[in-house]
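*Asks:* need a structure here:
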Amino acid sequence: MKKKNFWLLSFFAAITLFLSACIFESDSDGLETWLSDRGMPSNYPVQVLSIENLKTSSARVVFDSSARSGNVDAIVGRRANLKHDLVLDFAFEEPEDTSFMNEFKASDSAAALLFLYWQQEFYKSKWIPSKTAPFSEELDVAVSWKFDNSSRSKFIDSIADISDSAWYEDLANWKPSGSADTVFKMKMKLGDTAVHIPMPSALIDDLKKLKKAARLQLRISFPTASREYRFWGSATDSHPYLAIYANVKSKVYFPPYPFRVAKLVKSEEECSDCFVLHGGGYDSLVVEIPPEPILDALSEFYGDEFPYEEKNDVRQMVIHAQLTMARDDSRGENELGWPIQVVANSYVDSAEMTYEDSVDARLRQKEAYAIFDTSLVEKSGHQNLVFHAGDSLTLQLTYGLRDFLNRAQDGRSMKFSMCLGLPYMQEKKIINGDYRTTVEDTLYTADGEPFYVAKNDTVSRYVGYFDYSRYDFSTTVENPMTLKLWLASKRGDE
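*Replies:* Numbers count the residues shown, from 1 in each chain. Take a look at the predicted model:
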C-alpha cells in the first residue's frame, strides 16, 4: 500500500506539470490518448464524473471586523452597506519654539487642520470610470479622539513599544476621551491634492494642555457618505499630517505625521439570513456539502463502495474538480464596472500537523485557478466571475476535493469558502496574467464599454484596486450545484 501511495503521488506530480486546457476539449478516451502520448502509464486512465443536484448542508457568512493597516491605502466613507473609518496615531513633543505654545494656549482663534491626500493614481486611472471621482460634494465629518498627555520626554518611547497588532486589537474597544458635538460640512474637489478637515474646538482645548509629550489617536468618519474615499496612508510620500495654528495669520506647528494608520470596517447589512459578500471587505461565505451524494455517485460510477477503509484512498487521484452553481447579478452592486473574480479556498488538513478528532481544526488553502476551458472562456468569459454575462459561477476546487476523497472515511463534509477578489480585466482572454501587446487590443467592461490599449502596451490581468461592491449569493446557496471531477484511477492490481 505504501508503494502504491508513493507511486501515485509521483505520477500526480508529473501530470500536473503538463496539464493544459485541452483536458476540457476531449472525451475520456481522448484524455487517455493525451496521457499516453506524453508517456503516462495507460493503467491510470482519466475518467470524468459529473454529480448533479448537490445541495448545501450549511452556509454562513463570516465577517471579520478586525482593524487593518491603512499605512498605504487609507479608506474612509460608506458604500455597499460597509462603513469605513480611519484612525491615525500621532506621537509628538512640545515644540522647541516655546513662544508658539504660549500664543497657541492664549489664543481664542487657535485651530488645527487634518490634511488627507487623494490617491490621484486611482481617480485618474484610465481603467476607472469618470463617475467614480468625487468631483465636488459636501460631506459631514465626525471626529473622535484619545489624547494622552505626559510631562516625561520618554513617553514617546513607551508609545513606540506598542506593536501594531496590539494597537489594532485595542481599537476594537474604542472609547474616545472626546468627540465632536457637531459635524462639519466639507466640500471635496478632486482637482485639489488634499482635503483639509477642521478639528473641533474640544480637541483644540485638549491640545492646549500639552506638557512635554503627547499621543493623539484621531478617528475620522464620514457618516452620511454614499461612497468610499481613497487617500494615502502614513507609509507613503503623500502621508496625512496635522497642522496646528496659533491663529489664522500667525505661527503654525506641524507635529510629526502619524506613524501608523488603521482602517476600521463595520457591516451595516440588515438581513441576517442573506448570504452577502462585500468587495474590499473582510468577509467570506463558508459552504458545506454533505458527503453522501458525492460518495454514492462514486460508488455507482466505479461499482464498489466509497470511502476506502484506509486513510488515503489510492484508487483515484483528483486531477481537477470544478463546482458550478447558480448566480444572479441583479442582487449585487458594483462601482467600477468590471467583472469581479470570486476567490475560492478549501478546508484541508495540514500536512505538518495531526488532528485526531477535530474536523474543525483544519486549514484553508487557496485554490489555484489555472486550467481553462478555452472555447468556453473565449465565447462567454472566465467562469469564476460575477457581474458579467451568464447566470452561473464555476469554482475550481481541486485541492479540496482531493483531500475530501482521500479522507472521507472520517465522515467529513466537503467544505470551502468564497470571497470577492479584484476586478478582472481579461474576461475573454486565456492568458491568466499581465502581458505585452504589439497590436492594438480592445478590452470591454461588464457594461460593454470598450477600452483601447495602444500598441506595445502592457495589459494587466486585474484593475489593481478593490471594487467596494456588494453581492448577494443567496441564489447560489439555495439552488442545486453540479460537481465535475477528472479522476486518474488505479483499480486493484492494475
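*Asks:* List the buried residues of stretch 210-222.
*Replies:* Applying a neighbour-count criterion of 16 or more other CB atoms under 10 Å, the buried positions in stretch 210-222 are 210, 213-222. In this view, the C-beta of every residue, glycine as well, is placed from N, C-alpha and C.
*Asks:* do the same with stretch 184-200
*Replies:* The neighbour-count check on stretch 184-200 (16+ other CB under 10 Å) flags 188, 190, 194-195, 197-200 as buried.
*Asks:* measure that stretch end to end?
*Replies:* Terminal residues of stretch 184-200 lie 9 Å apart, using CA to CA, to the nearest Å.
*Asks:* what's the least confident helix or strand in this protein, going by average pLDDT?
*Replies:* Using mean pLDDT, DSSP states H and E, helix 2-18 stands out as the lowest-scoring helix or strand of the chain, at a mean of 41.
*Asks:* Now pLDDT, secondary structure and distance to Leu114 too, for the buried residues of stretch 210-222, in JSON lines please.
*Replies:* As requested, those are exported to JSON lines (pLDDT from 0 to 100; DSSP: H, G, I helix; E, B strand; the rest coil; distance: CB to CB, whole Å):
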{"residue": "Leu210", "pLDDT": "92", "secondary structure": "coil", "distance to Leu114": "17"}
{"residue": "Ala213", "pLDDT": "93", "secondary structure": "strand", "distance to Leu114": "20"}
{"residue": "Ala214", "pLDDT": "94", "secondary structure": "strand", "distance to Leu114": "16"}
{"residue": "Arg215", "pLDDT": "95", "secondary structure": "strand", "distance to Leu114": "16"}
{"residue": "Leu216", "pLDDT": "97", "secondary structure": "strand", "distance to Leu114": "11"}
{"residue": "Gln217", "pLDDT": "97", "secondary structure": "strand", "distance to Leu114": "13"}
{"residue": "Leu218", "pLDDT": "97", "secondary structure": "strand", "distance to Leu114": "7"}
{"residue": "Arg219", "pLDDT": "97", "secondary structure": "strand", "distance to Leu114": "11"}
{"residue": "Ile220", "pLDDT": "96", "secondary structure": "strand", "distance to Leu114": "7"}
{"residue": "Ser221", "pLDDT": "95", "secondary structure": "strand", "distance to Leu114": "13"}
{"residue": "Phe222", "pLDDT": "93", "secondary structure": "coil", "distance to Leu114": "13"}
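*Asks:* And those residues, which two are furthest apart?
*Replies:* Ala213 and Phe222 (30.7 Å; CB to CB).
*Asks:* ok so, going back, show me which of the buried residues of stretch 210-222 is closest to Lys154.
*Replies:* Closest approach to Lys154 among the buried residues of stretch 210-222 (CB to CB): Ala213, at 8.2 Å.
*Asks:* Excluding sequence neighbours, find me the nearest residue to Gly464.
*Replies:* The shortest distance from Gly464 to any residue other than its chain neighbours is 7.1 Å, reached at Leu422 (CB to CB, 6 or more residues apart in numbering).
*Asks:* where does the one you found land in three-state SS?
*Replies:* With DSSP: H, G, I helix; E, B strand; the rest coil as the basis, Leu422 sits in strand.
*Asks:* Can you give me every residue that contacts it?
*Replies:* 340-341, 462-467 (CB atoms under 8 Å, 6 or more residues apart in numbering).
*Asks:* and what of Arg68?
*Replies:* By CB under 8 Å, 6+ apart, the residues touching Arg68 are 168, 262-263, 265, 282.
*Asks:* mind checking pLDDT for the residue nearest to Lys212 when sequence neighbours are not counted?
*Replies:* Leaving aside its sequence neighbours, Lys212 sits nearest to Ser151 (CB to CB, 6+ apart; 4.8 Å). As predicted, Ser151 sits at a pLDDT of 91.
*Asks:* any idea how far Gln120 is from Ser151?
*Replies:* Using CB to CB, to the nearest Å, Ser151 is found at 42 Å from Gln120.
*Asks:* quick one, which of those two is more surrounded?
*Replies:* Gln120 (13 against 9; other CB atoms under 10 Å).
*Asks:* rewinding a little: relative to Arg227, which of the contacts of Leu422 is nearest.
*Replies:* For these, the closest approach to Arg227 (CB to CB) belongs to Asp467, at 11.7 Å.
*Asks:* ok, that closest one to Pro291 distance?
*Replies:* For Asp467, the distance to Pro291 - CB to CB - is 36 Å.
*Asks:* of these two, who's got more company?
*Replies:* Taking other CB under 10 Å, Asp467 and Pro291 do not tie; Asp467 has more neighbours (26 against 20).
*Asks:* is it true that that one touches Gly421?
*Replies:* No - using CB atoms under 8 Å, Asp467 is not in contact with Gly421, being 9.7 Å away.
*Asks:* Any chance of the backbone angles for Asp403?
*Replies:* phi -70, psi -40 (degrees, to the nearest 10).
*Asks:* next one: Glu292
*Replies:* Dihedral pair for Glu292: phi -60, psi -50, per degrees, to the nearest 10.
*Asks:* Please give the three-state secondary structure assignment for Leu242.
*Replies:* When states are read from three-state DSSP, the local structure at Leu242 comes out as strand.
*Asks:* and if you look at Thr476?
*Replies:* Assigned with three-state DSSP, Thr476 falls in the helix class.
*Asks:* what pLDDT does the residue lying closest to it once chain neighbours are set aside get?
*Replies:* Distances taken as CB to CB, 6+ apart place Met325 nearest to Thr476, at 4.8 Å, with adjacent residues excluded. At Met325, the model reports a pLDDT of 97.
*Asks:* is it true that Met325 touches Leu393?
*Replies:* Yes - under the criterion of CB under 8 Å, Met325 is in contact with Leu393, at a separation of 5.4 Å.
*Asks:* Now for those two: what residues contact both?
*Replies:* What both Met325 and Leu393 touch, as defined by CB under 8 Å, 6+ apart, is the set Thr476.
*Asks:* Mean confidence (pLDDT) on stretch 56-70, please.
*Replies:* Per-residue scores along stretch 56-70 average to 94.
*Asks:* can you dump the C-alpha coordinates of that stretch into PDB?
*Replies:* C-alpha atoms of stretch 56-70 as PDB (Å, rounded to 0.1, in the frame of the first residue of the first chain):
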ATOM      1  CA  THR A  56     -25.700  22.600   0.600                       C
ATOM      2  CA  SER A  57     -26.000  21.300   4.200                       C
ATOM      3  CA  SER A  58     -24.900  24.600   5.700                       C
ATOM      4  CA  ALA A  59     -23.800  28.100   4.700                       C
ATOM      5  CA  ARG A  60     -22.800  31.100   6.700                       C
ATOM      6  CA  VAL A  61     -21.200  34.400   6.200                       C
ATOM      7  CA  VAL A  62     -18.100  35.200   8.300                       C
ATOM      8  CA  PHE A  63     -17.400  38.900   8.700                       C
ATOM      9  CA  ASP A  64     -14.100  40.000  10.200                       C
ATOM     10  CA  SER A  65     -14.300  43.500  11.700                       C
ATOM     11  CA  SER A  66     -10.700  43.500  13.000                       C
ATOM     12  CA  ALA A  67      -8.700  46.700  12.300                       C
ATOM     13  CA  ARG A  68      -6.400  46.500   9.300                       C
ATOM     14  CA  SER A  69      -3.400  48.600   8.300                       C
ATOM     15  CA  GLY A  70      -4.200  51.900   6.500                       C
END
